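In: Kindly return the folded structure for what I paste below:
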Amino acid sequence: RQRGTLLRRVSDMTILGRRIPAAVFILAVALLARCAAMCLLPLTDPTEGRYAQVSQEMVATGDWVTPRIWMNETHLPFMGKPPLFFWFAAGAMKLFGVNEFAARLPSLAAALLLLALLYIVLDRYGCGSGLAGVLITASCGFFFAVSGVVAVDMLLSACVAGSLLAFFAFACEPSRRIRQRWSLLVFFLLAMGFLTKGPVAIVLFGLPVLAWTVRWRQWTLLRSHRWVSGILLFLALVVPWFVLCEARNPGFLKYFFLNENLLRFVTHDYGDAYGSGHLYPRGSALLMFLAASAPWSLFALWQVARSRSAARILTLADRQESFLFLGFAAGTLFWCFARQLLATYTLPLVPLFAAWLAFRIRHDSALTRKTVAAASVLLAVMGALALACPLALRETASSRQIVRAARRFADEQAFKGPLVFARKTPYSALFYARGWVLPHPKEPLGDTLARCREHAETVLVAVPAKQEGAVVLSLSNSAARVASTGKWSLLRVALR
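Out: From the prediction side, this is the model:
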């Protein structure tokens, strides 16, 4: 009895007169540390720099219909993704300024909303397993890391995983009135997912729902959805932007639905207008998912092996548990057939995996307590690492440091010429030095400088430090180093 009292004292804390689990406090501190890292870390190339630049252009141009991106010295419409993430990031930039925090805020907000929904659903319909589910999700290293980056994947995860959790609540709720609310939430989140990344949101939702419905013959439940009002809500939210974007950018619908969402899945050469895809062997998604859900994927495999319950799980013997299992298993199987992959594609599956694991161990109170404690330790470590990252990764794949050095030099020397990057201009440079840095294609530096000669007598050239000697030699000693920041050197080049 004394030991139980001591455990309760250790596991609970009193803050502002209210008793809360210590794990919740640790989670809050870890997320605050992640928020601090969002403010301090530079935008990395290419993904963060690219998406932040698209949102920045929305703010600068006032065009909230057509996302735009600088590529090959041309301001192109960015038709690879729908605009929801860019809208949120641009809105954050309007409120908080054009900076790293604002660009990353949509991902953090999406993660927080997803964790809140996960807690509500599992606490009410998962026998009180909400806290364990939230902590398992947040302590997956991949989820914690992506919660603070400029990428559409966390917002898509909130929409896809959120819609599946809402359907789980819909299936478990006995009250017809409350069940209808969950039904509308499903359609709303699917619309948000469609505006984030397109039809893949419906696919990742529809596969597990269909498989579960067939397994448990839940056709009556499926028919009780608010189909008419739900579909009308979905269309009202989704259709206007697609129609308007096609009107302003003829050919958008064909490229987006055919190239980006069909051909991308079946062929490597699908006509990507914004780069090249990442090709992996089929089946790689399974390894990516195991890595994305680590370390808990290893714990789950051990737990299933220890309890000898693999057959029961794979045969979907429990109605509630089988839905959560299909929520991540069906999505993983779907991605296993694709070769154009990124590890972030499996991120929407992680919260469903965490929900399944928390639901599975819900009746073992000792194991649940140990799981909560282990997740708390992991979150404490991740929070500390998040605070250390800005110091360790200042010279990461970003141009922020060299752009800042160039601005200091320009201010001190009253320099009026352009800033040029040898080879391709990084996306992050276009964000940090919009209107000053020269966007240019992959061309010889000499060709770029020849074009600059018509408008400027001198330019600043940022080159990788390892290539500085070769660049200076190629410029016939007309260049002199004026600054250096780790991986980059800044040269002043006389053109006349």
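In: how many other residues sit next to residue 61?
Out: 11 (other C-beta atoms under 10 Å). In short, each C-beta sits where N, CA and C put it, glycine included.
In: same check, this time on residue 465
Out: For residue 465, the count of nearby residues is 14 (other C-beta under 10 Å).
In: you'd agree it is up against residue 489?
Out: Yes - taking contacts as C-beta atoms under 8 Å, residue 465 lies within contact range of residue 489: 4.9 Å.
In: Check what contacts stretch 480-496 and list those residues.
Out: With C-beta atoms under 8 Å, 6 or more residues apart in numbering as the test, stretch 480-496 has contacts from 394-395, 399, 401-402, 404-406, 408-409, 415, 449, 452-453, 456-465, 468, 471-472, 475, 478-479.
In: from those residues, which ones fall inside helices?
Out: 401, 402, 404, 405, 406, 408, 409, 449, 452, 468, 471, 472 (DSSP state H).
In: Just the buried residues from those, in ChimeraX please.
Out: Buried members of these, identified by 16 or more other C-beta atoms under 10 Å, are gathered into one ChimeraX selection as follows:
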select :401,402,405,406,409,449,452,468,471,472
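In: Tell me which helix or strand residue 285 sits in.
Out: helix 284-292 (DSSP states H and E).
In: just for the chain, where's the confidence low?
Out: Counting by pLDDT under 70, the chain contains low-confidence ranges at 1-20, 72-73, 268-277, 394-395, 441, 477.
In: Show me where it has its strands.
Out: Counting by DSSP state E, the chain has strands at residues 12-15, 18-21, 68-71, 74-77, 419-421, 458-464, 479-485, 488-494.
In: Would you map the helices across the stretch 51-200 of the chain?
Out: Counting by DSSP state H, counting those that start in this stretch, the stretch 51-200 of the chain has these helices, from start to end: 84-96, 100-125, 130-138, 141-146, 153-172, 176-197, 200-216.
In: name the helices or strands packed onto the fifth one?
Out: Put plainly, it is helix 153-172. Helix 153-172 sits against helix 84-96, helix 100-125, helix 176-197, helix 200-216, helix 319-336, helix 350-360, with contacts defined as 3 or more C-beta pairs under 8 Å, 6 or more residues apart in numbering; DSSP states H and E.
In: Just say which of these is most tucked in.
Out: Among those, the stretch with the highest mean neighbour count (mean count of other C-beta atoms under 10 Å) is helix 350-360, at a mean of 28.
In: re the thing from before, columns distance to residue 140 on top of the strands of the chain, output as TSV?
Out: Supplementary listing: those in TSV, determined by distance: least, C-beta to C-beta, whole Å:
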stretch	distance to residue 140
strand 12-15	24
strand 18-21	19
strand 68-71	31
strand 74-77	35
strand 419-421	36
strand 458-464	34
strand 479-485	34
strand 488-494	34
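In: Which of those sits closest to residue 238?
Out: Comparing the strands of the chain by their distance to residue 238 (C-beta to C-beta), the top pick is strand 74-77, with 18.9 Å.
In: That closest one - contacts with which helices or strands?
Out: Here strand 74-77 touches strand 68-71, going by 3+ C-beta pairs under 8 Å, 6+ apart.
In: Can you list the strands that the strand it packs on pairs with?
Out: Looking at strand 68-71 with DSSP bridges, its paired strands and their directions are strand 74-77 (antiparallel).
In: what residues does the partner strand touch?
Out: Contacts for strand 74-77 (C-beta under 8 Å, 6+ apart): 57, 66, 67, 68, 69, 70, 249, 252, 273.
In: What subset of these is buried?
Out: In these, burial by neighbour count holds for 57, 66, 67, 68, 69, 70, 252, counting by 16+ other C-beta under 10 Å.
In: what's the most distant pair in those?
Out: Spatial extent of the buried ones among the contacts of strand 74-77 (C-beta to C-beta) is set by the pair 70 and 252 at 18.8 Å.
In: Residue 221 reaches residue 171, doesn't it?
Out: Yes - using C-beta under 8 Å, residue 221 is in contact with residue 171, at 6.0 Å.
In: higher neighbour count, those two?
Out: Neighbours were tallied for residue 221 and for residue 171 using other C-beta under 10 Å; the higher tally belongs to residue 171 (21 against 15).
In: Which residues are in contact with that one?
Out: If you count contacts by C-beta under 8 Å, 6+ apart, residue 171 has them with 218, 221, 323.
In: Now do it against residue 101, distance only.
Out: Using C-beta to C-beta, to the nearest Å, one gets 39 Å for the distance from residue 171 to residue 101.
In: next one: residue 217
Out: Between residue 217 and residue 101 the distance, using C-beta to C-beta, works out to 49 Å.
In: looking at the helices of the stretch 51-200 of the chain, which is closest to residue 267?
Out: If you check each of the helices of the stretch 51-200 of the chain against residue 267 by C-beta to C-beta, helix 200-216 wins as the nearest, at 16.6 Å.
In: quick revisit: most tightly packed of the strands of the chain?
Out: Mean neighbours per residue, mean count of other C-beta under 10 Å, is largest over these for strand 419-421, with a mean of 24.
In: ok, residues contacting it?
Out: When contacts are defined by C-beta under 8 Å, 6+ apart, strand 419-421 is touched by residues 399, 403, 406, 429, 433, 436-438, 440, 445, 448-449, 452, 459-463.
In: give me that answer again for 10 Å
Out: Outside of strand 419-421, the residues that reach it under the criterion C-beta atoms under 10 Å, 6 or more residues apart in numbering are 399, 402-403, 406-407, 409-410, 425, 429-430, 432-433, 436-440, 445, 448-449, 451-452, 456, 459-464, 488, 490-491, 493.
In: And that strand, how far out from the chain middle?
Out: For strand 419-421, the distance from its own C-alpha centre to the chain's C-alpha centre is 29 Å (C-alpha atoms, centre = their mean, to the nearest Å).
In: thinking again about what came up before, show me which pair in the contacts of strand 74-77 is furthest apart.
Out: Taking C-beta to C-beta as the measure, the contacts of strand 74-77 reach their widest spread between 70 and 252, a distance of 18.8 Å.
In: how about the contacts of strand 74-77 in CSV, adding distance to residue 106?
Out: Below are the contacts of strand 74-77 laid out as CSV (distance: C-beta to C-beta, whole Å):
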residue, distance to residue 106
57, 16
66, 19
67, 14
68, 18
69, 17
70, 21
249, 23
252, 23
273, 24
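In: so, if you compare the residues you listed, which one comes nearest to residue 162?
Out: Taking C-beta to C-beta as the measure, residue 162 sits nearest to residue 67 out of the contacts of strand 74-77, at 23.5 Å.
In: That closest one: what's it in contact with?
Out: Residues near residue 67 by C-beta under 10 Å, 6+ apart: 51, 54-55, 57-58, 76-83, 85-87, 90, 245.
In: Please repeat the previous calculation with a cut-off of 7 Å.
Out: Going by C-beta atoms under 7 Å, 6 or more residues apart in numbering, residue 67 touches 54, 58, 77, 78, 83, 86.
In: By residue count, what's the longest helix in this protein?
Out: Within the chain, and with DSSP H defining each element, the longest helix by residue count is helix 365-392.
In: That helix vs helix 130-138, what angle?
Out: Here helix 365-392 runs at 40 degrees with respect to helix 130-138, directions being taken by axes from the mean of the first three to the mean of the last three C-alpha atoms, to 10 degrees.
In: Now that we have the buried ones among the contacts of strand 74-77, can you turn them into a markdown table and tack on distance to residue 367?
Out: As requested, the buried ones among the contacts of strand 74-77 are arranged in a markdown table below (distance: C-beta to C-beta, whole Å):
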| residue | distance to residue 367 |
| --- | --- |
| 57 | 50 |
| 66 | 52 |
| 67 | 47 |
| 68 | 52 |
| 69 | 49 |
| 70 | 53 |
| 252 | 51 |
